[in-house]
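Colleague: one predicted model, sequence on top.
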Amino acid sequence: MIYRAFADVVLVLHLAFVLFVLLGGLLVLRHDDGESLPETPSIQIYPNPVAKEASLTIKIDRPVTLQIFSALGQEVTVPSYLPASEEFNYQLPHMAAGVYIFKFLVNNHSITRRIVIY
């Protein structure tokens, strides 16, 4: 039984190598347990509320575009790209105290979070 499983693995690796040589390119084999990202992105923003002198930490599980709006709907910043799985520290000194809407655009979907700056 163990020999059969080992033989199957060797066969798969041999076929992968043959395809790599014949097609000329990079072949990446990996196993991710078949798990995919949840439909709704994981977005963490802290601390909230936040002091104007501090910075916000944003963590996300996929790449997004961030837009920031005032409570009146005025765009406060230009849209910025945030890569996945990285901590992003957002400095606040240029923003007045108040309520802001952080809009995250992911695959033509938008997710909003309300942030209070004091």
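Modeller: Good, I have the coordinates.
Colleague: can we go C-alpha only for contacts and neighbour counts from here?
Modeller: Fine.
Colleague: what residues are up against the most centrally placed residue in the chain?
Modeller: Geometric centre of the chain, nearest residue: R62, 2.0 Å, by Cα atoms, centre = their mean. Remark: with contacts taken as Cα atoms under 8 Å, 6 or more residues apart in numbering, R62 is in contact with P41, P83, A84, S85.
Colleague: ok, now Q67?
Modeller: E75, V76, T77, V78, P79, S80, F102, K103, F104.
Colleague: same question, S42
Modeller: K59, I60, D61.
Colleague: what of R114?
Modeller: V99, Y100, I101, F102.
Colleague: tell me the spacing between it and T57.
Modeller: 14 Å (Cα to Cα, to the nearest Å).
Colleague: just give me the neighbour total for the closest residue to E87 other than its chain neighbours.
Modeller: Distances taken as Cα to Cα, 6 or more residues apart in numbering place K59 nearest to E87, at 5.0 Å, with adjacent residues excluded. Close neighbours of K59, defined as other Cα atoms under 10 Å, add up to 19.
Colleague: correct me, but K59 touches I43?
Modeller: Yes - counting by Cα atoms under 8 Å, I43 is a contact partner of K59 at 5.9 Å.
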